[in-house]
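Visitor: give the three-dimensional model of this entry:
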Amino acid sequence: MTLFFTRLALAATLFISFAGLPAHAQSLTGNVGSAGVTDGEQAFEARLGINDDGDAASRIHYDYSFNDWYQLRIIVSFSQPDGEDWDYTGITFENWLQWREEADDNSSFNGGLRFAYGFADDGGPDEAEVRLTITDKFAGVWEWRANIIGEVETGDGSEGGVSLEARGQLSRALDVVALGSEKWRLGVELFSEFGNSRDIPDFDDQAHQIGPVAKVSWKNGVYLQTAVRVDLTDGADDTMAKLFLGREF
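Guide: Sure, this is the predicted structure:
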C-alpha cells in the first residue's frame, strides 16, 4: 500500500510540474506515448483531432518492432485549417528504443527514447525530435505515463532554439464489460506545449490543456482512444477533441 501511494504521489507530482513548464503549436493528434516495445508486433493507426476554431489534423502511421528494444514508426500527416481543403503536410520516421523494462510483477518501470525526423511538404523547415518516455503500471489497475520532448527545426527558414513540451497521463482499468470488450481504461491527461528556448513566453501565454481520456481494446487487436482537453491558459486552444482507431497484429 505504501508503494501504491508513493507511485500515485510521483504521478501527481509530474502532472503538477508539467503545468508549470513553459507553447509552440497545439497538438491535435498527439498522444502520451508508451515506452514499451514488443518483438514482432505490428500496428496500423489513424488519428483525427479538431479544435474549437474548426482547425483539424489527421495522421496515419505504421509500426513494426524488429526486436524487443527497437521499433520503427512511419507517420503521414494531413491538416485542414478551418474552411479550407485537406492538405498533406509531411512524413515522419520515428525510431523507438526501449532501455528499461518493467518486471512481470509491475515492479520498476518501462523507459524509452524516441528519435524522429519529419520531412515537411510545403517547403518549410524539417523537424527533428527527441522524446523521453516513461510508463509504469502499479496497484494492479493503475498506470501513469510521462513524456518529455525537445524539438528543433532544420534547413531553410528554421527558427533556431529548442521547442519544449511535456505530457502526462494517469489512467485506471475499469471492471466493466461493454461493446464486447473487458479492456477499458479511463483517466486524465495533461499537455504542456512550451515556447522556443530562445524566447519562452509568460505562463499565461503558454499552451497548457487538461482533460479526460478513455481507451478500449478488443481481442482481435482493434483498439480505440478518445479524449477531450480544455485550456488552462490563454495561450491554449479553448477546447479540442481527438479520436484514434488502430489495430495491432
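Visitor: toward the C-terminus, what is the element adjacent to the helix-or-strand element of the chain with minimal mean pLDDT?
Guide: None of the helices or strands of the chain scores lower by mean pLDDT, DSSP states H and E than helix 2-19, at a mean of 44. Per DSSP states H and E, the first helix or strand lying C-terminal to helix 2-19 is strand 42-51.
Visitor: contacting residues around the very next helix or strand once past that following strand?
Guide: From strand 42-51 onward toward the C-terminus, using DSSP H and E, the following helix or strand is strand 56-65. By CB atoms under 8 Å, 6 or more residues apart in numbering, the list of residues contacting strand 56-65 from outside reads 28-29, 37-50, 71-80, 86. Yep, even glycine has a C-beta here, placed from its N, CA and C like the rest.
Visitor: E165 is in contact with I149, isn't it?
Guide: Yes: taking contact to mean CB atoms under 8 Å, the distance of 4.1 Å between E165 and I149 places them in contact.
Visitor: next one: stretch 170-181 to chain centre, how far?
Guide: Taking CA atoms, centre = their mean, to the nearest Å, the mean C-alpha location of stretch 170-181 is offset from the chain mean by 21 Å.
Visitor: flag every buried residue along stretch 174-187.
Guide: Burial within stretch 174-187, assessed by neighbour count using 16 or more other CB atoms under 10 Å, is assigned to 174, 184-185, 187.
Visitor: mark which of those are part of strands, please.
Guide: Per DSSP state E, strands hold the following members of those: 174, 184-185, 187.
Visitor: could I get the pLDDT score of the closest residue to N110 other than its chain neighbours?
Guide: Take N110 and drop its neighbours on the chain: the residue closest to it by CB to CB, 6 or more residues apart in numbering is A35, 3.9 Å away. The predicted structure scores A35 at 96 on the pLDDT scale.
Visitor: list the contacts of A35.
Guide: Here A35 is in contact with 98, 100, 109-112, 133-135, 145 (criterion: CB under 8 Å, 6+ apart).
Visitor: do G155 as well
Guide: 125-126.
Visitor: check contacts around W96.
Guide: Each residue near W96 by CB under 8 Å, 6+ apart is listed here: 37, 70-73, 112-114.
Visitor: just want the most central residue of this protein.
Guide: The residue lying closest to the centre of the chain (CA atoms, centre = their mean) is N31, at 2.1 Å.
Visitor: picking that back up, of the contacts of A35, closest to A241?
Guide: Checking those against A241 by CB to CB gives R145 as the nearest, at 19.8 Å.
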